[in-house]
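1. Would you be able to build a 3D model of this:
(one chain, ligands or ions: 3)
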Amino acid sequence: ALVLGLESSCDETAVALVDNDGNIISSHLATQEILHRPYGGVVPEIAARAHVERLEPLVRKVLNESGKNLSEIDAIAATAGPGLIGGVMVGFVTGKALSLACKKPLIAINHLEGHALTPRLADKTLSFPYLLLLISGGHCQILLVKNVGEYRRLATTIDDAGGEAFDKTAKILGLGFPGGPAVEREALNGDPMAVPLPRPLIKSKEPHFSFAGLKTAVLRAYQSGIYKRHDIAASFQQAVIDCLVNRSEKALKKIEGENIQINAFVIAGGMAANQAIRPALTDLAEAHNLPLIAPPPSLCTDNGAMIAWAGVERFRLGMIDNLESPARARWPLDPHAEKARGAGV
Ligand code: ATP
Ligand code: MG
Ligand code: FE
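-> Residues are numbered from 1 along each chain as shown. Ligands and ions are numbered 1, 2, ... in the order given. You can find the predicted model right below:
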């Protein structure tokens, strides 16, 4: 299979061509960081307009670079949600148009499934089932990945996502946008023990997450004027790491308690690009006799290859969509967990 993937659910316009073996033939991305920086966050209307301008040139660039034309491609995969609906519609409608024009099947990709399956693109030995810590700008979940399209959600956040906490902390500390990489850089010279910060939910029975209280504590620490900025950044990052490790351990134990055999502990999503969080999670995985599998940073944050790859995985299984398929602002990977939830849990 040779699949063209389109991504436009947030602030990166991205296109890639990926083959059956997971070779990334060509992959290009246009980030909108400078457009949103003045607002300290992604402005949906600006994002949607920027996707309109950038998507088609990127498609041409990827096709040119790979020396392929549309007739040589087996399917068009496009993000159909979840995300900022204006941007999602731009990419998904473009995918439908390409599918119609070149008479190739359309595959509607759940952006979160793109993140969830990318570790299999990065490491060809990774087979189902695996336990996934999905940490991105809008999500913080622990999922049992049973197969393509088959997910069981063990945990989610009751308020903010992890990446969102990084972004808000960056804003408080005046480190700019996007926040994750900025906080990671600032933390390099800081003392992770300098500032006492909470580890929300660390004692709770279910492996859920909460980051809103941590953000408020960061704000108070900053306003107190007592602490150095790099110490706050390092202490914040450490608090997040402690929560990730503690919650993941809870989930691993739950899986073991149910006698479910898994092949790896896996991390994915934008926050998984953070190099400081990997060692602690590697130790955790090893303690449970599992390898830690984490894609390279460029495949953790949004990109076109993750959508094309999810398209390859679906195409191989005959999972094709039609032109009536809707764009969705919300689209959980595990609909059962979503239905059972109270306040996001
Ligand atoms: P979602 O995938 O949930 O729809 P998204 O697509 O906007 O959200 P991603 O692109 O997957 O999110 O990830 C972006 C998030 O990752 C941002 O919140 C960003 O701050 C965070 N992030 C990126 N790099 C790092 C890093 N090095 N350390 C911590 N966080 C990071
Ligand atoms: Mg982004
Ligand atoms: Fe994402």
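
2. Over to the residue nearest to the spatial centre of the chain: give its phi and psi.
-> In the chain, the C-alpha nearest the mean C-alpha coordinate belongs to Gly269, at 2.6 Å (CA atoms, centre = their mean). Reported as degrees, to the nearest 10, the phi and psi values for Gly269 are phi 100, psi 160.

3. got the contact list for the nearest residue to it once chain neighbours are set aside?
-> Sequence neighbours aside, Ser136 is the residue nearest to Gly269 in space, at 3.2 Å (criterion: CB to CB, 6 or more residues apart in numbering). C-betas here are computed from N, CA, C, even on glycine. Counting by CB atoms under 8 Å, 6 or more residues apart in numbering, Ser136 touches 112, 115, 161-163, 268-271.

4. what's the helix or strand for the residue of the stretch 101-250 of the chain found nearest ligand 1?
-> Minimum separation of the stretch 101-250 of the chain from ligand 1 (CB to the nearest ligand atom) falls at Gly180, amounting to 2.1 Å. Assessed by DSSP states H and E, Gly180 sits inside helix 179-187.

5. and the angle for the very next helix or strand once past that helix with helix 179-187?
-> Next helix or strand after helix 179-187 toward the C-terminus (DSSP H and E): helix 212-224. Calculated by axes from the mean of the first three to the mean of the last three CA atoms, to 10 degrees, helix 212-224 forms an angle of 50 degrees with helix 179-187.

6. Which secondary structure elements does helix 212-224 sit against?
-> helix 162-172, helix 229-257 (3 or more CB pairs under 8 Å, 6 or more residues apart in numbering; DSSP states H and E).

7. so which of the ones you listed is the most packed in?
-> Mean neighbour count (mean count of other CB atoms under 10 Å) peaks for helix 162-172 among these, with a mean of 25.

8. Is that one positioned near ligand 1?
-> Yes - Helix 162-172 lies within reach of ligand 1 by CB under 6 Å from any ligand atom, at 163-164, 166-167.

9. now, the most widely separated pair of these?
-> Glu164 and Phe166 (7.3 Å; CB to CB).

10. so where do the helices sit in this structure?
-> Using DSSP state H, the helices of the chain run over 33-36, 44-66, 85-102, 111-122, 162-172, 179-187, 212-224, 229-257, 277-287, 297-300, 304-316, 335-340.

11. Let me have the ones you listed in JSON lines, adding distance to Leu143 and mean pLDDT as columns.
-> Output for the helices of the chain, formatted as JSON lines (distance: least, CB to CB, whole Å; pLDDT from 0 to 100):
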{"stretch": "helix 33-36", "distance to Leu143": "29", "mean pLDDT": "93"}
{"stretch": "helix 44-66", "distance to Leu143": "26", "mean pLDDT": "98"}
{"stretch": "helix 85-102", "distance to Leu143": "21", "mean pLDDT": "98"}
{"stretch": "helix 111-122", "distance to Leu143": "7", "mean pLDDT": "98"}
{"stretch": "helix 162-172", "distance to Leu143": "14", "mean pLDDT": "96"}
{"stretch": "helix 179-187", "distance to Leu143": "21", "mean pLDDT": "97"}
{"stretch": "helix 212-224", "distance to Leu143": "22", "mean pLDDT": "98"}
{"stretch": "helix 229-257", "distance to Leu143": "9", "mean pLDDT": "98"}
{"stretch": "helix 277-287", "distance to Leu143": "15", "mean pLDDT": "98"}
{"stretch": "helix 297-300", "distance to Leu143": "16", "mean pLDDT": "98"}
{"stretch": "helix 304-316", "distance to Leu143": "14", "mean pLDDT": "99"}
{"stretch": "helix 335-340", "distance to Leu143": "9", "mean pLDDT": "81"}
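
12. so how far is ligand 3 from the residue lying farthest from the centre of the chain?
-> Here the chain reaches farthest from its C-alpha mean at Ile226, the gap being 34.6 Å by CA atoms, centre = their mean. Distance, Ile226 to ligand 3, by CB to the ion, to the nearest Å: 36 Å.

13. again with Leu98
-> 22 Å.

14. Nearest residue to that residue in space, please, no chain neighbours.
-> Closest to Leu98 by CB to CB, 6+ apart is Ile76, at 4.9 Å.

15. quick one: buried residues of stretch 71-88?
-> Residues of stretch 71-88 classed as buried: 73-88 (neighbour count, 16 or more other CB atoms under 10 Å).

16. So which of those sit within strands?
-> Among the buried residues of stretch 71-88, the residues falling in strands (DSSP state E) are 75-81.
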